[in-house]
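Colleague: only geometry, no sequence info:
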């Protein structure tokens, strides 16, 4: 159960980070309202707060978060930007998630980490 809670926290953290970066992109690159900077700042504040809720602030946790972030970014590309991910996008994501598992597995006592 703890694994699902942590994964859900990773997803929420990644979404807050992506939204916090996407809104200024809309303002800077697509000429949208500067008012988007307000929810962007709130989203990045939420991101920082959510990051503080992770079980530990160790590099391994951030590495695992990175894998989830990449997955969320590929989903964002597909669902928000309406760009179909390429096979290499999916392969890259799979490699990142595999790396995440290796890092986290290696941190378990008796697993060589």
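Modeller: Sure, I can see it. Here the structure is a predicted model, which means the values were calculated and not measured.

Colleague: contacts only, for the residue nearest the centre of the chain.
Modeller: Among the residues of the chain, the one closest to the centroid is residue 69, at 2.1 Å (Cα atoms, centre = their mean). The contact partners of residue 69, taken as Cβ atoms under 8 Å, 6 or more residues apart in numbering, are 10, 13, 14, 17, 18. Using the backbone N, CA and C atoms, a C-beta is placed for each residue, glycine as well.

Colleague: out of those, which one has the lowest pLDDT?
Modeller: Ranked by pLDDT, the contacts of residue 69 bottom out at residue 10 (89).

Colleague: residues contacting that residue?
Modeller: 54, 64, 65, 68, 69.

Colleague: I figured the first one hits residue 9, correct?
Modeller: Yes. Here residue 54 reaches residue 9: they are 6.3 Å apart, a contact under Cβ atoms under 8 Å.

Colleague: got any ranges where this protein has weak pLDDT?
Modeller: Low-confidence regions of the chain, defined by pLDDT under 70, span residues 57-58, 107-113.

Colleague: where along it do the helices fall?
Modeller: Counting by DSSP state H, the chain has helices at residues 2-30, 37-52, 59-79, 87-106.

Colleague: can you give me the angle the first one makes with helix 37-52?
Modeller: Here helix 2-30 points in a direction 160 degrees away from that of helix 37-52 (axes from the mean of the first three to the mean of the last three Cα atoms, to 10 degrees).

Colleague: so what angle separates the directions of helix 2-30 and helix 87-106?
Modeller: Using the same axes, to 10 degrees, helix 2-30 lies at 140 degrees relative to helix 87-106.

Colleague: quick one: helix 2-30 to helix 59-79, angle?
Modeller: Going by the same axes, to 10 degrees, helix 2-30 makes 50 degrees with helix 59-79.
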